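Visitor: pasting the structure only:
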Ligand SMILES: NC(=O)c1ccc[n+]([C@@H]2O[C@H](COP(=O)([O-])OP(=O)(O)OC[C@H]3O[C@@H](n4cnc5c(N)ncnc54)[C@H](OP(=O)(O)O)[C@@H]3O)[C@@H](O)[C@H]2O)c1
């Protein structure tokens, strides 16, 4: 029901806006139940119809299927969709090293992004390094650790000294690490203030302090064998 409302809202907004389509960036993902070549391709086309779009800018596998063959088949479906021009770029989410290595070994197109949980308290350094090696951009989800670490005193000290909020410091740190940062808020004023996270630069010392907060903290549950 909620998904249908969302599709309708996006469709209606796209129909009404004066903003040219090429200036809007629309990403969506393949849901876990739709893995497999045909089902993934059909799900993508079905999604386009529901949104009333001709193409997606970015389409991701939401998570790796446990079955390697199904995962590779889904990826092949995305490659086909990209060739047909109904999706511009293709990527993955919640892929661990072994999923990426298998994909890289068996596929033609390298994913342009891996959307994974990354924040100072869980930096996923090995996985991030692997992605960097293959030019796979990190999309950092839960960059505020779902709000669970905004009271951390070390973040608080930096924020107060710079006249910023703890959320702005976390977002800035992630962007400085080269990530596409995906914070979420349902509060209009926080959405605005999260946007205003890029008008300052963290010093090397502050970056190092934030780097040192690693504690392998994960807010969600990692997908099977993600790490
Ligand atoms: N690919 C995946 O599997 C996956 C998994 C998880 C999340 N994601 C995506 O990642 C995005 C963000 O992740 P997330 O929602 O898990 O975590 P998040 O962005 O780290 O944290 C969201 C929480 O932080 C609070 N918050 C946001 N801005 C704030 C601010 N300036 N000050 C104080 N509190 C603030 C929000 O509360 P209010 O809403 O009350 O402001 C909310 O409780 C979402 O778009 C989500 O769809 C993807």
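Guide: Done, it's in. Owing to the predicted nature of the structure, the values given are computational and were not obtained by experimental measurement. Numbers count the residues shown, from 1 in each chain.
Visitor: can you list contacts of the helix ranked longest in the chain?
Guide: Criterion DSSP state H: the longest helix present in the chain is helix 68-84. The contact list for helix 68-84 (Cβ atoms under 8 Å, 6 or more residues apart in numbering) reads 30, 34-38, 40-41, 44-45, 59, 61, 64-65, 87-90, 92, 99, 102-103, 106-109. Every C-beta, even on glycine, is put in place using the N, C-alpha and C of the backbone.
Visitor: One more pass at 7 Å, please.
Guide: Helix 68-84 has contacts (Cβ atoms under 7 Å, 6 or more residues apart in numbering) with 30, 35-37, 40-41, 44, 59, 61, 64-65, 87, 90, 99, 102-103, 106-109.
Visitor: Please, a ChimeraX command that selects the buried ones among these?
Guide: Burial among those is assessed by 16 or more other Cβ atoms under 10 Å; the matching ChimeraX selection reads:
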select :30,35,36,37,40,41,44,59,61,64,65,87,90,99,102,103,107
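Visitor: Three-state assignment for the residue of the chain most remote from its centre, please.
Guide: Here the chain reaches farthest from its C-alpha mean at residue 161, the gap being 30.0 Å by Cα atoms, centre = their mean. Secondary structure for residue 161, judged by DSSP: H, G, I helix; E, B strand; the rest coil, is helix.
Visitor: Which pLDDT does the model give it?
Guide: If you check residue 161, the pLDDT there is 98.
Visitor: what sits against residue 146?
Guide: Residue 146 is in contact with residue 219, counting by Cβ under 7 Å, 6+ apart.
Visitor: wait, I meant residue 173
Guide: If you count contacts by Cβ under 7 Å, 6+ apart, residue 173 has them with 120, 202, 207, 210.
Visitor: host element of the last one?
Guide: The one in question is residue 210. Element membership for residue 210 (DSSP states H and E) is helix 204-211.
Visitor: which helices and strands sit right next to that helix?
Guide: Helices and strands touching helix 204-211, as assessed by 3 or more Cβ pairs under 7 Å, 6 or more residues apart in numbering; DSSP states H and E, comprise helix 153-162, helix 166-176.
Visitor: quick one on the thing from earlier: and the longest helix of the chain, which residues are buried?
Guide: Taking 16+ other Cβ under 10 Å as the neighbour-count basis, helix 68-84 is seen to contain the buried residues 70, 71, 72, 73, 74, 75, 76, 77, 78, 81, 82.
Visitor: Tell me where this protein has helices.
Guide: Using DSSP H, the helices found in the chain span residues 2-16, 37-51, 68-84, 97-106, 125-133, 153-162, 166-176, 188-195, 204-211.
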